[in-house]
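>>> fold the stuff below for me.
(chains A, B, C and D)
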There are 4 protein chains.
Amino acid sequence: MIVILKQNNPDEKQVEPLLTWLESLGISTHFIVGTHQTVIGLIGDTSIVDIDLIKSLDIVQDVQRVQEPYKKANRKFHTDDTVIDINGIKIGGGNFQMIAGPCSVESREQICTIAESVKNSGATMLRGGAFKPRTSPYSFQGMHAEGIELLLEAKRLTGLPIVTEIMNISHLPLFEEVDVIQVGARNMQNFELLKELGKLQKPILLKRGLANTLEELLMSAEYIMAGGNENVILCERGIRTFETATRNTLDISAIPVLHSKTHLPVIVDPSHSAGISRLVRPLTLAAIAAGADGLIIEVHNDPSRALCDGPQSLTPRAFEHLASESREVLQLMRKFERDIYNAQR
Amino acid sequence: MIVILKQNNPDEKQVEPLLTWLESLGISTHFIVGTHQTVIGLIGDTSIVDIDLIKSLDIVQDVQRVQEPYKKANRKFHTDDTVIDINGIKIGGGNFQMIAGPCSVESREQICTIAESVKNSGATMLRGGAFKPRTSPYSFQGMHAEGIELLLEAKRLTGLPIVTEIMNISHLPLFEEVDVIQVGARNMQNFELLKELGKLQKPILLKRGLANTLEELLMSAEYIMAGGNENVILCERGIRTFETATRNTLDISAIPVLHSKTHLPVIVDPSHSAGISRLVRPLTLAAIAAGADGLIIEVHNDPSRALCDGPQSLTPRAFEHLASESREVLQLMRKFERDIYNAQR
Amino acid sequence: MIVILKQNNPDEKQVEPLLTWLESLGISTHFIVGTHQTVIGLIGDTSIVDIDLIKSLDIVQDVQRVQEPYKKANRKFHTDDTVIDINGIKIGGGNFQMIAGPCSVESREQICTIAESVKNSGATMLRGGAFKPRTSPYSFQGMHAEGIELLLEAKRLTGLPIVTEIMNISHLPLFEEVDVIQVGARNMQNFELLKELGKLQKPILLKRGLANTLEELLMSAEYIMAGGNENVILCERGIRTFETATRNTLDISAIPVLHSKTHLPVIVDPSHSAGISRLVRPLTLAAIAAGADGLIIEVHNDPSRALCDGPQSLTPRAFEHLASESREVLQLMRKFERDIYNAQR
Amino acid sequence: MIVILKQNNPDEKQVEPLLTWLESLGISTHFIVGTHQTVIGLIGDTSIVDIDLIKSLDIVQDVQRVQEPYKKANRKFHTDDTVIDINGIKIGGGNFQMIAGPCSVESREQICTIAESVKNSGATMLRGGAFKPRTSPYSFQGMHAEGIELLLEAKRLTGLPIVTEIMNISHLPLFEEVDVIQVGARNMQNFELLKELGKLQKPILLKRGLANTLEELLMSAEYIMAGGNENVILCERGIRTFETATRNTLDISAIPVLHSKTHLPVIVDPSHSAGISRLVRPLTLAAIAAGADGLIIEVHNDPSRALCDGPQSLTPRAFEHLASESREVLQLMRKFERDIYNAQR
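As a prediction, this is how the structure comes out:
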């Protein structure tokens, strides 16, 4: 951490209280007196230093981190990829998975039909919403407990592990047999929810908030991990920009950037990113080419009747085709990796 | 609602299912066949129509609302300003209030000293955080139940109603004697929380999310109001932009825009908007000049020791000065309003 | 175009002047009187109607377009892909091209060495900056006329057509032998420059501005095309968001969205999007998978000595490797297209 | 400037070339070896160091500035407010000016009528567009030379100095008698234009770009000042955000932030910020309360017939009223300043 002082070359008296306080935290300091600016370098474990507290001091102009504020999620301290095992389905560290299913669970027939269909197409996990975060209180809010029941039926039928979103920690008992609990974009900084999920051992699929930086996403993962649950899957699902042709802007760079900053698996949701089903195919192929560890894709047996998010859902047939193309792109990416590996030997 | 069709002048057969379904909802339709585009106007209560559902139809290119999706918060259907009474302190409809206090409650002495000081300076409500949403799990998270206890002590001492943030609906019993419950920016779309707060009659101070539009803010207010609680105070607190000189960008236009769209009171938080205490004064005066119904300002007896958000806190003395200036600006704004009123007679 | 009136079911007198004026423009009108809102549909060539003018009328609440404001760039009126021929090198309509070269031209040796190297790796055009838009007046601004001279030498040596940026229309005479003139992101709405380029027949590579929508990009292409020059290549190069881990955010969805809205070729600049050389490879492969018609990539023989934009340049060896991978991804994408074509027969 | 190395405590050999090169630039260096990170502090005039060049080095992880990249615009090196004299009309350093006039010059009668009217209402400068940057090539582009002629007539009639926008440096001869040359938002980083304006002595009104940071605005001012023209007036006119209720989002904090970073005058354009005439009044009063040195407001004698930007124009009568209110707010702000000054004595 670098503390930039307001005044160049200040009196010893003015900075003494700061130095004494830092020493009490086990942080040693180092002065650099420049031509126009004096800077103090802090040496030690600065993750315990409250950056806002130092910024608030009268003598301080600015404080800049030189180190990331997350530890458990940081690749620096955990160089190997984390591999998460979901009932035998592995994700991360070279293991790629395709999660598919409808936006909302609507009926037994719907979820079971789609589950079988996406399984046949190569999906390895089933998604489906039972609790739906909707902007309007007048929109369909999901089937709740009944929806989870139907997901579990589809799981029994197909053997596919299920992924579904939690919106309220009091619903946790309903999620006992759910394989992966999803935290939606709007709850990425619902810190109370994250803390509770940190007490579980169940894998958590954490979606990036609409206007959150990758550092904030990692800090939210850190909340879960700090509680003891290190099974976090990160999900890029588009950020809000001024562009209006798409619902959100898929931040494709997030994949390689996250891979360099963290050891956690990174997946992409091309359906919510764009909000337009026609864009799901190109975004899916692009995400694989950019190194995603998996995808979560909306599939609906009758898109024209989906109760929510219809415009972004594929038909089972379109998904089958896309899943097949995805496997070919994935295969090519793996060949590239082997080539790089062999060239480096 | 306007439905734009993909094909110009389509076959009757293609559009029939859509028209039949709309009729079943009590919506009548009106065709406009243009030179390049055919458009259907929907007539009736379109707030019950799921816009995404229509967008998902094969024959539809786009759907545009011509009416706002919120009802109870809409000024069109409730032309008079809502006035909210908080233990005799009124806000909205020409009633202006100044809410002040520390970012976090830290000790009995701290909160009581500040409460008395801001009361003497003219504040009419006391703010203070007991549950703090912090980006890092390693930062101070607030005093929790004890913090609320101390706020209530300060209330007994000074008579000031208190405003404090809720982060978890399971904490609700602790808020029984709290006068105004705050929903923070990160929870603006925590719909489960909003629904529960809709069951109370207590005033809710709803902060705009970091990347939320004003329409989304009003839809979140609608969640609370749809549940039966119409005592919602809206709060503009800065939005996220690419500008980095300030923590967030205060959207000053939000004040007049919200006043035109809704009857609910609108206040401004200049402390969190900028994140720099030096900016609190100009933003406060600007907010009053732009027509805010109140302000919520951070005041700390020793900014250099505040446990969080220090850089944006004023000293009690700076607050006293600002409160006095604020009264003068407010007086001038009221004179302007009287002049306009008299000129129109 | 849809005009939403402030008052529902207004007097004939109030709307008459609007209707008369619209008729004088050859626009016919169609009324829809809804439950809460009256809407007028305009029928005819509304691209000549000034939307701001109607918005300014007292009786009007809002105006919404249902048609795109661009014509010549619009795929609706020109369904076939535009193929641009650059000295025999074709781009668009299934023709993919790789443009490579240094950020700035620095010396004869530098540009000629890189030109030969990227040609051998498979690049089909050479890029290089002679006029450099730099945020600081104290940064290196390019070699100007001498830089263009050196590019032309490299062209004579290798036969590669050259692409270089214009910043001032008065420099146009220097660009006579340049094959493709680039308009940089900061000049995307320098309408005076666009108008002048519209008078040429030379291909124009038009980069999207840092905060411009795709519709605005197409309107800028329309400026060039309206002048008579239909040889416009669109380039996505990252937009500004609140994310700070990358210099800009590559909007990967721009590729399929633009392909659906326009017939013009769409290329991607992965070097400027990210501003980090390590990200060029994943973004390049992703762009091809998403359907880009080409790429423009920075390559430098000694990245550690590049006079500008060093962090985003690849070495010639890294480029060679990437170009080879790119060809394989492209081949796979073409196989997919053939499969889709055959399946549809 | 702070250079953060990739490897902690690196070999002397690895960093030697960097240190030698920095020394050759007269920059001395200072090492801080931390627990996880090694940092080099650069001491000397780092404004000549190319930050991108250092970032591109293999051993470097990141580079952070601790000093602003602008000099001539920097308040640190020029503590007194710059006062610009425009034919006897002073702006900056406590001198407040009101600039008013139509969006576009349309006819002799129009511009002269408005000029006289706004002068009577208290405006001290006249604005009016002769060259109009329009998104669409099919929109009205201004009266060009004839428009400037008409502005000069209005100037002769009223004595008001005139402000008008330049879009093409080749038009400069037409601007000889223009008092203040405006650079529009879309040309803020048209560096070629800025360089040419730097050769004049005429005041330049520099508008902030739609997606530019305040630092970039200051760097563009620096371009003009580095050329020798220190008469730069900065103008905040709204930035692009995801909010759609207003055309742009007025960044009100820009006023106090710029005042702290630079000595140049700062004015506000409330008309373009919001794009809605109803918002001009509250934004104008807010801008004065926040400390603006002036305003530039659109006034039109017949808003319903304005050829462009109608929705944001006031009538002369509304302007008269607003100008009078503005004077009262300004008076109050001056009283506040005197009170602060007296209290500090």
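
>>> contacts only, for the spatially closest residue to A:V268 that is not a sequence neighbour.
Residue nearest to A:V268 in three dimensions, not counting chain neighbours: A:A287, with 3.9 Å by Cβ to Cβ, 6 or more residues apart in numbering or on different chains. For every residue, glycine as well, the C-beta is placed using N, CA and C. Counting by Cβ atoms under 8 Å, 6 or more residues apart in numbering or on different chains, A:A287 touches A:250, A:252, A:255, A:268, A:270, A:295, C:286.

>>> buried residues in the host helix or strand of the third one?
Taking DSSP states H and E as the criterion, the element that holds A:I255 is helix A:254-261. Going by neighbour count (16 or more other Cβ atoms under 10 Å in any protein chain shown), the buried part of helix A:254-261 is A:254-259, A:261.

>>> about what we covered before: need the contacts of A:A287 in CSV (columns: distance to C:C103, secondary structure and pLDDT).
Shown next, in CSV, are those (distance: Cβ to Cβ, whole Å; DSSP: H, G, I helix; E, B strand; the rest coil; pLDDT from 0 to 100):
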residue, distance to C:C103, secondary structure, pLDDT
A:L250, 27, coil, 98
A:I252, 22, coil, 98
A:I255, 25, helix, 98
A:V268, 30, strand, 98
A:P270, 32, helix, 97
A:L295, 34, strand, 98
C:A286, 22, helix, 98
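
>>> among those, which ones are buried?
A:250, A:252, A:255, A:268, A:270, A:295, C:286.

>>> ok, the residues you listed vs chain D, which is closest?
A:L250 (15.5 Å; Cβ to the nearest Cβ).

>>> so what's A:M188 closest to, chain neighbours aside?
According to Cβ to Cβ, 6+ apart, the nearest residue to A:M188 is A:G209 (3.8 Å).

>>> surely the one you found and A:A185 touch.
Yes - the criterion here is Cβ atoms under 8 Å, and A:G209 meets it with A:A185 at 5.1 Å.

>>> out of those two, which sits in the busier spot?
Each of A:G209 and A:A185 has its neighbours counted (other Cβ atoms under 10 Å in any protein chain shown); A:G209 has more, 26 against 23.

>>> any idea whether the more buried one is helix, strand or coil?
coil (DSSP: H, G, I helix; E, B strand; the rest coil).

>>> do the same with A:A100
Once three-state DSSP is applied, A:A100 turns out strand.

>>> confirm A:G26 sits in a helix?
No - A:G26 is assigned coil when assessed by three-state DSSP, not a helix.

>>> name the nearest residue to it, sequence neighbours excluded.
A:G44 (5.4 Å).

>>> ok, what's across the strand from A:L205?
A:Q182, A:I233 (DSSP bridges).

>>> OK, contacts around it?
Counted by Cβ under 8 Å, 6+ apart, A:L205 has contacts A:163, A:180-183, A:233, A:235, A:267, A:296.

>>> repeat that for 6 Å
A:163, A:180, A:182, A:233, A:235 (Cβ atoms under 6 Å, 6 or more residues apart in numbering or on different chains).

>>> how close does it sit to chain D?
A:L205 sits 25 Å away from chain D, going by Cβ to the nearest Cβ, to the nearest Å.

>>> how about A:R75?
Counting by Cβ to the nearest Cβ - A:R75 and chain D are separated by 13 Å.

>>> that older thread, turn the buried residues of helix A:254-261 into a markdown table, including distance to chain C.
Formatted as a markdown table, the buried residues of helix A:254-261 follow (distance: Cβ to the nearest Cβ, whole Å):
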| residue | distance to chain C |
| --- | --- |
| A:A254 | 8 |
| A:I255 | 7 |
| A:P256 | 4 |
| A:V257 | 5 |
| A:L258 | 9 |
| A:H259 | 9 |
| A:K261 | 8 |
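
>>> how about low-confidence regions in chain A?
By pLDDT under 70, the weakly predicted segments of chain A are A:56, A:302-312.

>>> can you list the residue ranges for helices in it?
Taking DSSP state H, the helices of chain A run over residues A:12-24, A:51-55, A:108-121, A:145-158, A:191-197, A:214-226, A:254-261, A:270-274, A:280-289, A:316-344.

>>> need those in JSON lines with distance to B:H36, can you?
Output for the helices of chain A, formatted as JSON lines (distance: least, Cβ to Cβ, whole Å):
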{"stretch": "helix A:12-24", "distance to B:H36": "68"}
{"stretch": "helix A:51-55", "distance to B:H36": "56"}
{"stretch": "helix A:108-121", "distance to B:H36": "37"}
{"stretch": "helix A:145-158", "distance to B:H36": "43"}
{"stretch": "helix A:191-197", "distance to B:H36": "49"}
{"stretch": "helix A:214-226", "distance to B:H36": "43"}
{"stretch": "helix A:254-261", "distance to B:H36": "38"}
{"stretch": "helix A:270-274", "distance to B:H36": "25"}
{"stretch": "helix A:280-289", "distance to B:H36": "27"}
{"stretch": "helix A:316-344", "distance to B:H36": "28"}
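
>>> to C:G122, which of these lies closest?
helix A:316-344 (16.1 Å; Cβ to Cβ).

>>> list the helices and strands that closest one packs on?
Secondary-structure packing of helix A:316-344 (3 or more Cβ pairs under 6 Å, 6 or more residues apart in numbering or on different chains; DSSP states H and E): helix A:108-121, helix A:280-289, helix C:316-344.

>>> by how many degrees do that helix and helix C:280-289 diverge?
Counting by axes from the mean of the first three to the mean of the last three Cα atoms, to 10 degrees, helix A:316-344 lies at 150 degrees to helix C:280-289.
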